[in-house]
Structure formats: C-alpha cells, structure tokens
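Engineer: Turn this into a model:
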Amino acid sequence: MRRLSLFAVLCALPASGAMAAEITNGAVTVRSVATATGAGSVGFEVVVGDRTVATVLFGSLRNIEAGRVEARREGDQQVLRFDRLAAEPTPRLGGDSQVEVSLLPGDPYPVVRFQLALERFDQAAWERVHGQVPFHFLSCSVPGAEIFHQRGWPIPTPVVDQYPQMQAEGPGRTVVSEWSRDWTYAPPVGAYPIPMVGLWKPSDRRFVAYDFMGARLKLHTETRIGSAYCWQHKDAREFFTLVWPFAKGYNQLRYPTDGDSFGTEFTLLHHEDMPGDADPNEFALNLAYERYRDLLPAAPEVNDVSWYPTQLRLGSFPAPRLGPLYGTAPADATFEAPGAVTANGIGYTRSPVDEAFRTRDEGALQQLRDDLTYVLDHAVRQTIDGDECVFWEKPVVGEMARMFGPGVGTIHTVQGWGVAQALLDAYRSAPTEGARLLPAIDGALRYTKHILYTRNDYPDVPAAQFAWGAGPVAHFCLQYFYTFRDDPERTGLAAEALALARMMTYRFLPIWISDNDPSDDLDSSYFMEPNSGLPWLGAACANEVWVVCHALGEVYVATGDPVLGHLLRGMVDRWPVLARDEYYPSVQAQANAYTERYGLFDESPQPRGTRAGYGGTWGGFEELSWPIGDADVRVLCGEQAAMAFTRGGPHTTLAGYRATRTGDLSVQLVPFGPR
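Structural biologist: Next up is the predicted model:
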C-alpha cells in the first residue's frame with residue numbers, strides 16, 4: 001500500500017475556512033482566498049515574506065467562485081488548481097473552466113493559466129447586477145496606485161490626475177471608455193507593443209502586472225483578450241482586469257457570445273522596490289531578454305542607412321538658430337485659448353544656445369537673456385519628498401481650448417525639459433553670468449525623479465503621453481551629467497542624472513520586441529506606437545518616433561545598455577517597412593513618404609495591414625547616424641559604447657573601441673559583409 005505524507009493529503013483537499021490551500025517555493029507563496037462561507041475560493045494571493053504583494057480575484061465583485069481548490073506537484077512545478085468555477089448571476093461556465101497558478105523552483109513570478117468556457121451569457125442578468133460594463137475576470141486591485149500601466153504606457157489614474165479619465169472631453173477623450181468614466185479603454189493584448197498590464201504605486205514602491213510575453217512568443221492564445229483599468233465598480237475600487245471580449249473599436253462596450261471559449265497564460269510580475277525614478281518598462285523588457293532571448297528576433301550588427309531619403313542625407317552638420325523660448329497663442333489658435341503662453345525652450349539636438357554664444361550673435365543673446373528671465377519668473381517651485389523641484393506648466397499662462405474640457409493644463413509635459421535645456425546650455429556657455437540659473441537647473445533634474453508620466457506633449461492629444469518625450473529628457477539628463485559630474489557640490493545629482501537618462505528612455509519606449517501575431521503576414525518587431533491615445537492604438541508610426549532613436553543612440557553610447565542598443569539597431573533596420581504605399585523612382589526621390597499609422601491588429605483605428613497615406617519621419621536621429629558628406633561610415637561614439645552606420649551596404653563594422661572621459665578615442669573598423 002502506497003503511503004502519503006500528511007502534507008500531500010491536506011493539499012489535495014478542497015480549501016476550507018480553516019485551511020486555505022497554498023504552494024510555495026521559498027521565494028514566494030501563493031494561497032487561495034476563501035469564500036465567505038469557506039466552501040470554495042474567490043481568488044488567490046501572492047505573498048513574499050510576510051507581505052501580500054498581489055491579490056487576484058476571479059471576479060471583481062467576488063462573483064466568480066471555484067468550488068474546488070487543489071495544491072499538487074507536477075514535475076519540478078508546484079501547482080494550485082481552481083476548478084468547478086461558477087459565476088453569479090452569469091455567465092454559465094462549462095465544466096472545463098479552470099484557473100491554475102504554478103511556481104518553478106526559486107522563481108518569484110507565478111505563472112497563471114486559465115481556460116473559460118462561456119456556455120451562456122445573459123446580458124439582462126449581468127446588467128441587473130453590474131450595469132453596462134464589460135464581462136471581466138482575474139481582477140487585481142492596488143489602492144492608491146498612481147499609474148495604470150498598459151502595453152508600455154504610463155497612464156495616470158485619478159489618484160494623481162483627474163483629466164485623462166474623468167474630465168477629458170471631445171478630442172481629448174482618448175484614454176477613457178465610451179461606456180463609463182470609471183473605465184479606461186479595453187484593447188486586445190494582440191495590439192499591445194509590450195504585452196503587459198498592471199498598476200504601479202511608486203509612493204509605496206510597488207508594481208504588479210500580468211505579463212503575456214511568454215504567451216506571445218510560445219502560445220499565441222492571448223491576442224483577443226482585453227484589459228482595462230477601473231476606478232470604481234460597485235464595491236470594487238482601483239483595479240486592473242482582463243476583459244472578454246476586447247472592447248469594440250477598443251473603447252466601446254461589447255458582450256460575450258454564447259459558446260465563447262478562450263484561455264491563455266501570463267506571468268504575474270511583482271516588484272516591491274520600484275520608486276518613481278525606476279520604471280516598469282525597464283523591468284519588463286530586461287526580464288524578457290533574460291528569459292526569452294532565444295525566441296526574440298535578432299537585430300543587425302551594422303545598420304545600412306542607404307534607405308534614408310534625401311532630407312535625412314546631411315551634407316554637413318546643421319547650424320541651429322536660436323528662437324524664442326516661449327510663444328503666445330494668436331486669436332485664431334485651435335488648441336489654446338487666445339493669449340495662452342507655452343514655454344517650449346529648445347530642442348535636444350545641436351544646441352542653438354551654444355551656437356549663439358559661439359558666433360557671438362548679440363541680438364540672439366539679448367533675446368535669450370530676456371527669455372530666461374521670463375521662464376524663471378514663471379517656473380513652478382515645489383518640494384517633493386524633500387527635493388526642491390522646479391518645472392514649467394503647459395501653458396505657463398492662460399488655458400487650453402475649451403473643447404478639451406477642464407483641467408487640460410499640466411506640469412507633466414515634455415516642454416519643461418526643453419526649458420531646462422536652455423538654462424543648462426546658457427549656464428555652460430557663460431557660467432559666471434549664468435549662476436542665477438543653477439537653482440532652476442538643479443530643480444528640474446530633481447523633478448525628473450518624480451515625474452511619473454507626461455501628457456499634453458502635443459496639444460491636440462492632451463490626455464496622452466507621446467513617445468518623443470524620450471529625446472528631451474534623455475538629452476537634458478545626459479548634458480547635466482557631463483556638465484556637473486566633476487562639480488563637488490553636484491556629483492550625487494550628476495550620477496542620478498545618468499541613471500535617469502537611461503530609466504526615462506525606457507519610460508517612453510512602448511516597443512514591439514517581437515511579432516504580435518504570427519497568424520498574419522505582418523511583423524511588428526521593433527515598431528512603436530507614437531502615443532497612448534486611442535487613434536494610434538495598435539498601429540506603428542514613423543513620424544516623431546524618430547526622436548526615440550535619437551534618445552536611444554545618445555543613451556546607449558553613454559551607458560552601454562545592451563538592450564537599448566539592440567532595440568535601436570532593430571528599429572533602424574525595420575524603418576523602411578513604414579514607407580507609405582506610394583511609388584517613387586528612387587529612394588532619394590522619396591519626399592519623406594513614411595506613414596503615421598501602420599495597422600497591426602484587428603479593429604485598430606488604422607485597419608490591419610494598411611498604411612495611412614500621410615505622415616513622415618522627423619526627429620534628428622540622422623544627425624547622429626548619417627555618414628556626413630562623402631563618408632561611407634559613421635561611428636557614433638560614447639564613453640561606454642559605439643555604433644557604426646554605413647551606406648552602400650553593411651560593409652564595415654567595429655572590431656574594437658575604447659574611449660576615455662577626456663575624449664580620447666580608439667576606433668578600429670574592419671570590412672564586414674558584401675560591399
């Protein structure tokens with residue numbers, strides 16, 4: 001007769017009020033959450049040490065229960081299985097519906113597998129209890145979370161910003177659903193650049209998310225499952241949840257069909273030390289390359305940039321001109337109220353401030369001094385967690401257009417780094433007379449540690465963060481680092497600046513690192529969405545995403561981050577696919593004909609497989625990558641890494657590279673491939 005240990009017998013029994021079934025691997029424990037009567041389970045919790053880091057409910061109102069819970073070992077895995085699922089009042093779930101949570105030895109991240117068979121969905125019964133909201137399941141609440149993190153975008157919750165979800169009107173309403181202010185849109189995972197959804201509470205250093213990267217690379221079963229954030233639903237508050245089916249057009253209510261059956265798996269990510277100067281994208285992307293490197297697409301060793309159209313083929317380095325640091329909206333302005341003032345500062349490429357000082361353009365310099373006084377007078381000064389911070393609102397004076405609804409103005413905008421860059425460049429060019437600028441420069445760097453998201457970066461989409469913010473923030477942080485790293489009073493801030501340059505680049509990096517759907521003939525690898533607004537959801541973009549390449553180039557050679565370097569090479573290699581469906585006799589004759597939207601999934605605002613007939617490419621990365629003049633090779637150099645770019649084929653590569661902080665370089669180039 002086979003003998004069983006007492007532990008094995010107990011774990012095979014249904015959960016009870018006295019003992020909830022659980023599994024553990026030393027790094028993490030997963031235990032069932034019992035019903036009020038103890039007769040079953042309504043979900044599970046994930047525990048690290050003595051702290052519950054995530055509680056997942058099968059239904060947000062505890063309306064889905066498992067009648068049986070079993071803990072068992074399968075090979076080297078421990079598995080907690082929930083079955084005999086029943087939903088009240090609907091849908092009727094088939095007998096093969098189940099949820100499983102598994103742990104591998106020493107792995108802190110549980111894998112959740114689920115299968116739901118909806119034999120019948122009663123819309124009237126659902127609405128009597130839930131109202132007009134989508135069928136949702138596997139809900140996780142993080143009360144007080146400041147950021148809803150979906151597909152690589154940080155979307156502010158009403159905890160920190162009422163505008164995107166609760167106040168946006170008209171063309172500003174690009175994040176909230178059509179069925180309720182309490183719900184965001186609910187797009188399908190197949191449309192996500194980074195297939196992840198979760199909540200981030202930097203005030204508590206806590207992050208929880210469902211990561212579908214493994215399913216995307218191995219199973220391809222996750223594509224049509226949606227996700228959303230809900231501020232409040234009956235007694236449930238502040239949770240993210242899976243949705244079936246995904247919302248029609250990504251933001252309109254749609255209910256299940258009788259007989260729907262679906263399932264997939266995700267990794268439940270949790271991080272107990274993720275403050276505001278860390279980032280979920282950095283965590284998720286580096287984990288993906290650690291765990292799935294062999295399944296992810298390659299990138300070329302050398303980028304051939306012969307595809308650059310004429311306007312990107314520089315014959316010499318441009319000499320930028322210094323313009324006003326702020327502008328006033330005219331009487332017929334579309335996006336701002338007449339008279340509103342926006343402080344834009346300067347760009348993130350070659351400095352017009354440096355150029356004005358170099359050429360001693362006294363007219364431009366006097367205008368600069370006057371503008372600097374204006375922006376200093378209109379700065380917002382605040383203390384955050386003991387840090388003396390300085391930044392600029394948009395607009396600094398006046399209001400945005402009424403059509404967007406109330407509350408559009410924000411201090412969370414990329415233009416603040418453009419102003420800080422002008423201050424920094426003015427100080428560096430004339431440190432003595434620029435001493436008055438130092439408190440604001442330092443304050444802007446400190447504020448960067450606390451700015452969790454941006455929006456209103458382009459005024460026509462005020463609820464959304466734009467990817468191009470990577471350029472201004474990365475450049476400012478790097479320039480701060482190089483300017484002050486030898487300043488005894490600022491060495492600590494300078495070190496933070498270098499770390500922030502890398503971290504903030506990840507924050508603006510909603511990138512497809514693999515194909516989103518192998519069932520079609522499209523490959524989304526290395527494309528990016530341009531912003532988090534609905535009209536661009538599930539679509540790749542050229543346009544200002546080129547700014548992200550500029551940021552990646554600067555940050556990669558400064559830090560040597562291998563993931564960022566790999567992604568940049570992949571982006572440049574794939575960029576020609578974003579050309580519009582137009583004919584030209586040659587690449588040089590192409591009039592910057594790149595698309596603003598390339599649809600990559602069903603019901604994207606840009607139909608799958610089609611390209612919008614408008615758009616282009618701009619952002620300045622050609623200044624770092626095009627072989628200037630008659631050169632055949634361009635080497636982008638930094639203290640930690642270098643990259644080679646060629647034209648006429650990928651004919652030359654770096655064989656050796658060494659750099660010092662004093663600017664001494666050793667570059668060895670060798671032939672590579674066909675010429």
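
Engineer: now R81, what's its secondary structure?
Structural biologist: Three-state assignment for R81 (DSSP: H, G, I helix; E, B strand; the rest coil): strand.

Engineer: Dig out what it forms beta bridges with.
Structural biologist: Counting by DSSP bridges, R81 forms beta bridges with E70, E100.

Engineer: so what's it up against?
Structural biologist: V69, E70, A71, R72, Q98, V99, E100 (C-beta atoms under 8 Å, 6 or more residues apart in numbering). (Each C-beta comes from the backbone N, C-alpha and C, glycine too.)

Engineer: now the last one: how far from E119?
Structural biologist: Using C-beta to C-beta, to the nearest Å, one obtains 20 Å as the distance from E100 to E119.

Engineer: more crowded one of these two?
Structural biologist: E100 (19 against 14; other C-beta atoms under 10 Å).

Engineer: ok, the more buried one touching V79?
Structural biologist: Yes - E100 lies in contact with V79 (C-beta atoms under 8 Å); the separation is 5.7 Å.

Engineer: residue boundaries of the helices in the chain?
Structural biologist: 6-11, 123-130, 213-218, 280-292, 352-359, 362-377, 415-429, 438-448, 470-484, 491-507, 546-559, 562-574, 622-625 (DSSP state H).

Engineer: any idea which of those scores lowest on pLDDT?
Structural biologist: Note on the helices of the chain: helix 6-11 shows the lowest mean pLDDT, a mean of 33.

Engineer: quick one: contacts for the residue most central in space within the chain?
Structural biologist: Nearest to the mean C-alpha position of the chain, counting by C-alpha atoms, centre = their mean, stands G152 at 2.8 Å. By C-beta under 8 Å, 6+ apart, the contact set of G152 is Y192, P193, I194, M196, N281, L509, P510, I511, E529.

Engineer: With distance to W618 and neighbour count added, can I get those in CSV?
Structural biologist: Formatted as CSV, the contacts of G152 follow (distance: C-beta to C-beta, whole Å; neighbours: other C-beta atoms under 10 Å):
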residue, distance to W618, neighbour count
Y192, 26, 27
P193, 21, 24
I194, 25, 26
M196, 29, 27
N281, 24, 22
L509, 19, 24
P510, 19, 24
I511, 19, 25
E529, 17, 28
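
Engineer: Relative to I441, which of the residues you listed is nearest.
Structural biologist: L509 (25.7 Å; C-beta to C-beta).

Engineer: Leaving out the residues flanking it, which one is nearest to Q421?
Structural biologist: Nearest residue to Q421 in three dimensions, chain neighbours excluded: F476, at 4.9 Å (C-beta to C-beta, 6 or more residues apart in numbering).

Engineer: Quick check: that neighbour vs A444, distance?
Structural biologist: From F476 to A444 the distance is 7 Å (C-beta to C-beta).

Engineer: ok, back up a step: output the helices of the chain in CSV; the columns should cover distance to L537.
Structural biologist: Listed next are these as CSV, based on distance: least, C-beta to C-beta, whole Å:
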stretch, distance to L537
helix 6-11, 43
helix 123-130, 25
helix 213-218, 17
helix 280-292, 17
helix 352-359, 35
helix 362-377, 34
helix 415-429, 24
helix 438-448, 27
helix 470-484, 19
helix 491-507, 18
helix 546-559, 17
helix 562-574, 19
helix 622-625, 28
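
Engineer: before we move on, the earlier item: drop anything exposed from the contacts of R81.
Structural biologist: Among the contacts of R81, those scoring as buried are V69, E70, A71, Q98, V99, E100 (criterion: 16 or more other C-beta atoms under 10 Å).

Engineer: Among the residues you listed, give me the pair with the biggest separation.
Structural biologist: A71 and Q98 (14.0 Å).

Engineer: Quick check: beta-bridge partners of Y594?
Structural biologist: A579.

Engineer: can you count the residues close to it?
Structural biologist: Neighbours around Y594, by other C-beta under 10 Å: 25.

Engineer: how about it, what does it touch?
Structural biologist: So Y594 contacts A542, N543, W575, L578, A579, R580, G615, G616, T617 (C-beta under 8 Å, 6+ apart).

Engineer: could you redo the last one with a cut-off of 7 Å?
Structural biologist: A542, L578, A579, R580, G615, G616, T617 (C-beta atoms under 7 Å, 6 or more residues apart in numbering).

Engineer: got any ranges where the stretch 551-675 of the chain has weak pLDDT?
Structural biologist: Scanning the stretch 551-675 of the chain for pLDDT under 70 picks out the ranges 673-675.

Engineer: which one of the contacts of Y594 is nearest T267?
Structural biologist: Proximity of the contacts of Y594 to T267 (C-beta to C-beta) peaks at L578, which lies at 30.6 Å.

Engineer: Burial check on that closest one, number of neighbours?
Structural biologist: Using other C-beta under 10 Å: L578 sits among 21 other residues.

Engineer: For the closest residue to P89 other than its chain neighbours, give its distance to L61.
Structural biologist: Distances taken as C-beta to C-beta, 6+ apart place A125 nearest to P89, at 4.3 Å, with adjacent residues excluded. The gap separating A125 from L61 is 14 Å, by C-beta to C-beta.

Engineer: My guess is the residue nearest to P89 contacts T90. True?
Structural biologist: Yes - between A125 and T90 there is a contact at 4.6 Å, judged by C-beta atoms under 7 Å.

Engineer: How much space separates the nearest residue to D460 once chain neighbours are set aside from T257?
Structural biologist: Nearest residue to D460, sequence neighbours excluded (C-beta to C-beta, 6+ apart): F335, at 5.7 Å. Distance, F335 to T257, using C-beta to C-beta: 41 Å.

Engineer: Same question for A340.
Structural biologist: Distance check for A340 against T257: by C-beta to C-beta, it reads 48 Å.

Engineer: Give the residue from those two that has the larger number of neighbours.
Structural biologist: Neighbour tally, A340 and T257, criterion other C-beta under 10 Å: the higher count belongs to A340, 22 against 11.

Engineer: which residues does the more buried one contact?
Structural biologist: By C-beta under 7 Å, 6+ apart, the neighbours of A340 are A329, P395, V397, G398, E399, M400.

Engineer: Could you pull up the residues touching the residue nearest to D258 when sequence neighbours are not counted?
Structural biologist: What sits nearest to D258 in space, not counting adjacent residues and going by C-beta to C-beta, 6+ apart, is R120, at 5.0 Å. Applying C-beta under 7 Å, 6+ apart to R120 gives the contacts P91, R92, D258.

Engineer: Among these, the buried ones, what's the PyMOL command?
Structural biologist: Buried members of these, defined by 16+ other C-beta under 10 Å, are picked up in PyMOL with:
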select buried, resi 91
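
Engineer: so which of the contacts of R120 comes closest to E22?
Structural biologist: Closest to E22, out of all of the contacts of R120 and judged by C-beta to C-beta, is P91, at 28.6 Å.

Engineer: Please tell me I have it right and the closest one contacts T257.
Structural biologist: No - with contact defined as C-beta under 7 Å, P91 does not reach T257; the gap is 10.3 Å.

Engineer: coming back round to it: and the helices of the chain: which comes nearest A659?
Structural biologist: A659 lies closest to helix 546-559 among these, at 8.7 Å (C-beta to C-beta).

Engineer: list the helices and strands that closest one packs on?
Structural biologist: helix 470-484, helix 491-507, helix 562-574, helix 622-625, strand 633-637 (3 or more C-beta pairs under 7 Å, 6 or more residues apart in numbering; DSSP states H and E).

Engineer: Starting from the last one, tell me which strands it pairs with and how they run.
Structural biologist: The one in question is strand 633-637. Strand pairing (DSSP bridges) places strand 633-637 next to strand 642-646 (antiparallel).

Engineer: how many neighbours does R68 have?
Structural biologist: Neighbour tally, R68, other C-beta under 10 Å: 16.

Engineer: That one contacts L85, doesn't it?
Structural biologist: No - between R68 and L85 there is no contact under C-beta under 7 Å: 9.3 Å.
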